[in-house]
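J.: Here is a sequence together with a model predicted from it:
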Amino acid sequence: MSVVELGRFMDDLADASGKAILPFFRAQFGLDDKARGGAPFDPVTEADRAAEVVLRAMIGQTFPGHGILGEEFGAERLDAECVWVLDPIDGTRAFIAGLPTWGTLVGLTRNGVPVRGLMHQPYLGERFTGDGRHARLRGPAGERTLRTRRCAELGQAILATTDPRLFASGDEAERFRTLEGQVRLSRYGADCYAYCMLAAGQIDLVVEAGLKPYDIVALIPIVEGAGGRVTAWDGGSAAKGGRIVAAGDPRLHEAALKVLNP
């Protein structure tokens, strides 16, 4: 499959998953807690499951030799050269609250390296894509190239994280609080949308912990395609999740690493 054909296929994935999800948004639907009443609350909806079923079926039919890792239905053929990494609704808490800061994440890895990424927000009609070299946004205002913002200093940066309770109590939480105390502004609750706003030059820094591969793989080629950097806190690969730092400016990324990994 050519690059153009792959892009069209990912558009088809976005269209199909959006059709599966939107009837549930701001509507009544079934909701389960994967934590089974424990803490923290870990919701999954009918929309999550419906979208992943559609994505898996389309990938399996088009690329029967590829692997798949999805949040709701687990792993298939992870030893394959190419593996699709799926989060049908990243930001399920926002989804069930009727807030539009969620999205469908579709990532593709080759030999463990993220090479293509899609974040689709069907309610807003926005589609963010990247291949690590280029990144684009298609939305109601048209299509444009994404570029991160130049911001070298923590004191001028806008920081986002999904929830400060992501960070384990003790040293991990203290490092985040230290970093947050040095930035200009911090915002909570955007999930995958924060990384896309970083790629669009609206946010400078995203710091999180406890992520799974399906939370981040699709976002790496988008951020890096827009000129940013995404790594683990120790500077290594972010593809397996864990503690993540993404920055629009490499200089800001280095400054954040010095605080998070002294």
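T.: The structure has been received and is ready for your questions.
J.: Regarding residue 87, what is its secondary structure?
T.: Classification of residue 87 into helix, strand or coil gives strand, according to DSSP: H, G, I helix; E, B strand; the rest coil.
J.: Can you give me the neighbour number for residue 9?
T.: The local packing of residue 9 (other CB atoms under 10 Å) involves 17 other residues. Every C-beta, even on glycine, is put in place using the N, C-alpha and C of the backbone.
J.: who touches it in this structure?
T.: Under the criterion of CB atoms under 8 Å, 6 or more residues apart in numbering, the contact partners of residue 9 comprise 1, 58, 62.
J.: Could you report the pLDDT at it?
T.: Note for residue 9: predicted pLDDT of 95.
J.: One more: residue 30?
T.: Reading off the confidence values, residue 30 has pLDDT 63.
J.: Over to the one 4 residues further on?
T.: The per-residue pLDDT reported for residue 34 equals 52.
J.: Likewise for residue 59?
T.: 97.
J.: can you check the one 3 residues further on too?
T.: The pLDDT attached to residue 62 in the predicted structure is 96.
J.: tally of neighbours for it?
T.: By other CB under 10 Å, 14 other residues sit near residue 62.
J.: Show the backbone phi and psi for the closest residue to it other than its chain neighbours.
T.: Here the nearest residue to residue 62 in space, its sequence neighbours aside, is residue 9; by CB to CB, 6 or more residues apart in numbering that works out to 6.3 Å. Residue 9 has phi and psi values of phi -60, psi -40 when expressed as degrees, to the nearest 10.
J.: Tell me the spacing between residue 9 and residue 129.
T.: As judged by CB to CB, to the nearest Å, residue 9 and residue 129 stand 12 Å apart.
J.: Ok, residue 238 next?
T.: Distance from residue 238 to residue 129, counting by CB to CB: 18 Å.
J.: Residue 249 too?
T.: Note on residue 249: its distance to residue 129, by CB to CB, is 22 Å.
J.: And the two? Which one has more around it.
T.: residue 129 (24 against 21).
J.: What residues sit buried inside stretch 87-100?
T.: For stretch 87-100, a neighbour-count test (16 or more other CB atoms under 10 Å) marks 87-96, 99-100 as buried.
J.: Can you pull out the low-pLDDT segments for the stretch 1-150 of the chain?
T.: Per-residue confidence for the stretch 1-150 of the chain (pLDDT under 70) gives these ranges: 29-44.
J.: between the contacts of residue 9, which is nearest residue 111?
T.: Distance ranking of the contacts of residue 9 against residue 111, using CB to CB, places residue 1 first at 17.2 Å.
J.: wait, what's in contact with the closest residue in space to residue 190 that isn't next to it in sequence?
T.: Closest residue to residue 190 apart from its sequence neighbours, by CB to CB, 6+ apart: residue 101 at 4.9 Å. With contacts defined as CB under 8 Å, 6+ apart, the neighbours of residue 101 are 91, 94, 189-191, 193.
J.: Among those, which ones are in strands?
T.: Within these, no residue falls in strands by DSSP state E.
J.: could I get the residues you listed as JSON lines with distance to residue 253?
T.: Formatted as JSON lines, the entries for the contacts of residue 101 read as follows, by distance: CB to CB, whole Å:
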{"residue": "91", "distance to residue 253": "24"}
{"residue": "94", "distance to residue 253": "26"}
{"residue": "189", "distance to residue 253": "23"}
{"residue": "190", "distance to residue 253": "19"}
{"residue": "191", "distance to residue 253": "21"}
{"residue": "193", "distance to residue 253": "20"}
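J.: Which stretches in the stretch 101-250 of the chain count as strands?
T.: Shown for the stretch 101-250 of the chain, the strands assigned by DSSP state E, counting those that start in this stretch span residues 103-110, 113-121, 126-130, 135-139, 142-145, 158-161, 185-188, 205-211, 229-232, 242-247.
J.: Can I get the ones you listed in a markdown table including distance to residue 254?
T.: Shown next, in a markdown table, are the strands of the stretch 101-250 of the chain (distance: least, CB to CB, whole Å):
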| stretch | distance to residue 254 |
| --- | --- |
| strand 103-110 | 25 |
| strand 113-121 | 21 |
| strand 126-130 | 22 |
| strand 135-139 | 21 |
| strand 142-145 | 25 |
| strand 158-161 | 15 |
| strand 185-188 | 19 |
| strand 205-211 | 12 |
| strand 229-232 | 9 |
| strand 242-247 | 8 |
